[in-house]
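Participant: quick one, fold the following:
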Amino acid sequence: MNENLNDITFIIVSYNSERTLRGAIASCLMSLKDSYQGRGKVVVYDNASTDSSPKILDEYNQEYPNLFIGIKGKENLGFAKGNNKAVEASPSKNYVLINPDVTFKSVVITKLQETLESAKDIAVVCPKLLFLDNSVQPSIRRFPTFLYLFFKLFLGEKLQNRLYPFDYYYAQLPEAVTTIEVNWAIGAFMMVSGEYVRLYGLFDERFFLYFEDVSLCLEAWQNNYRVLFDPSVSAMHLYPRKSTSSGFNRLTLIHMISALKFFGKHRKYPQKTNTEPVRYQQNSKVTLVGQSICAESRKELKK
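Facilitator: I've put the predicted structure just below:
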């Protein structure tokens, strides 16, 4: 591996995030100070914000010139492309992608890195996410089916549950107490293997917002890598659910467009395959909880 690579790079994509951005950056800088002195960077790519976010980047660029890279975009490139631009700015052994409304303690990063580097076939590791009241955010999910999203978006969740029951959030499984494999986890906070990024890239830029994380995780499975959820560590996520909080709005439309792009891109993946997660042990052995993505399913995913 290239010795000039940073050990770790924290990546934040901001857009009118002035209220929470400082807290997210502070968490990243504290983690670098505690565990990665001289071996990491914080990169914030701002998507042409109209609030004070660009000024915040100027402040941190001046105060932490050796640790912080603030990039002020001239236009809103979207979440996927913004993350990819940040990756280009700081080649690294591992990347931590966090939303500008996420805060965490340094121990979260060292634990996730330990999990990520425990086997060569792990592409993504995500922690537990908590709401402001410390309740758990349902951040791990099954790969969606077209019918599930169609019913949910156009008929509402209650009617969807009656007409098309689908355990999207793994709600029917016992709460995880150790690291497990999952189909995918939301991109609000994920550690991604730098080796995987160099081989296959990070996010597909056809997704302006939403579904870039679903596609990343699906492709990781297709490439014989795994996606893990580590509930032993957690981060705070101020999660407004803007795409669904006020009925149909611009973000709902973007969500729908991204969903159509996802199913257009991945129309051949087996949406009905049994993809329960499995328990993951430190010695790389697993104890089944339901069924994992089995060898046959992985072959189907590659088609």
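
Participant: now do whatever helix or strand Ala123 lives in: which elements does it pack against?
Facilitator: Ala123 belongs to strand 122-130 when assigned by DSSP states H and E. Strand 122-130 is packed against helix 106-116, strand 189-193, helix 212-222, strand 226-237, with contacts defined by 3 or more Cβ pairs under 8 Å, 6 or more residues apart in numbering; DSSP states H and E. Quick note: C-beta positions are derived from backbone N, CA and C, even for glycine.

Participant: then the shortest one to CSV, C-alphas only?
Facilitator: Spelled out, it's strand 189-193. Only the C-alpha atoms of strand 189-193 are listed here, as CSV (Å, rounded to 0.1, in the frame of the first residue of the first chain):
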residue,chain,number,x,y,z
PHE,A,189,-22.0,7.6,9.1
MET,A,190,-20.0,4.9,7.5
MET,A,191,-16.3,3.8,7.5
VAL,A,192,-15.3,2.6,4.1
SER,A,193,-12.2,0.6,3.1
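
Participant: how about residues contacting that strand?
Facilitator: 94-99, 102, 104, 109, 112-113, 116, 122-127, 129, 202, 213, 216, 225, 235, 237 (Cβ atoms under 8 Å, 6 or more residues apart in numbering).

Participant: what about 7 Å?
Facilitator: With contact meaning Cβ atoms under 7 Å, 6 or more residues apart in numbering, strand 189-193 is reached by 94-99, 102, 112-113, 116, 122-127, 129, 202, 235, 237.

Participant: tell me what angle it forms with helix 106-116.
Facilitator: 40 degrees (axes from the mean of the first three to the mean of the last three Cα atoms, to 10 degrees).

Participant: could you spell out the sheet neighbours of strand 189-193, each with its direction?
Facilitator: Sheet pairing here is set by DSSP bridges, and for strand 189-193 it gives strand 94-98 (antiparallel), strand 122-130 (antiparallel).

Participant: thinking again about what came up before, which SSE is immediately downstream of the strand holding Ala123?
Facilitator: Next along from strand 122-130, by DSSP H and E: strand 140-141.

Participant: per-residue confidence at Pro277?
Facilitator: Note for Pro277: predicted pLDDT of 46.

Participant: run through the neighbouring helices and strands of whichever strand or helix holds Phe262.
Facilitator: Using DSSP H and E, Phe262 falls within helix 250-265. Secondary-structure packing of helix 250-265 (3 or more Cβ pairs under 7 Å, 6 or more residues apart in numbering; DSSP states H and E): helix 146-155, helix 212-222.

Participant: and the contacts of the strand holding Ala123?
Facilitator: 108, 112, 115-116, 136-137, 139, 185, 188-193, 196, 217, 220, 225-231, 233-237.

Participant: got the angle for that strand vs strand 226-237?
Facilitator: 30 degrees.

Participant: what about strand 122-130, distance to the chain center?
Facilitator: 7 Å (Cα atoms, centre = their mean, to the nearest Å).

Participant: equivalent analysis for stretch 147-161, please.
Facilitator: Taking mean C-alpha positions (Cα atoms, centre = their mean), stretch 147-161 and its chain are 24 Å apart.

Participant: next one: stretch 79-93
Facilitator: The answer for stretch 79-93 is 14 Å, by Cα atoms, centre = their mean.

Participant: so for it, what's the average pLDDT?
Facilitator: 98.

Participant: just the CA coordinates for that stretch, please, in CSV.
Facilitator: Only the C-alpha atoms of stretch 79-93 are listed here, as CSV (Å, rounded to 0.1, in the frame of the first residue of the first chain):
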residue,chain,number,x,y,z
PHE,A,79,-24.1,14.3,-2.2
ALA,A,80,-22.5,11.5,-4.2
LYS,A,81,-20.3,13.7,-6.3
GLY,A,82,-19.4,15.9,-3.3
ASN,A,83,-18.1,12.9,-1.4
ASN,A,84,-16.1,11.7,-4.4
LYS,A,85,-14.5,15.1,-4.8
ALA,A,86,-13.5,14.9,-1.1
VAL,A,87,-11.9,11.5,-1.6
GLU,A,88,-9.8,12.8,-4.5
ALA,A,89,-8.5,15.6,-2.2
SER,A,90,-7.1,13.2,0.5
PRO,A,91,-6.1,9.6,-0.6
SER,A,92,-6.4,7.4,2.5
LYS,A,93,-6.2,3.9,3.8
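
Participant: residues making contact with that stretch?
Facilitator: Contacts for stretch 79-93 (Cβ under 7 Å, 6+ apart): 1, 5-9, 11, 13, 41, 43, 45, 47, 69, 71, 73, 95, 97, 194, 197, 202-205, 207, 209, 212.

Participant: name whatever forms a beta bridge with Phe68.
Facilitator: Counting by DSSP bridges, the residues bridging with Phe68 are Val42.

Participant: what helix or strand is Glu75 on?
Facilitator: Short version, using DSSP H and E: Glu75 is in no helix or strand.
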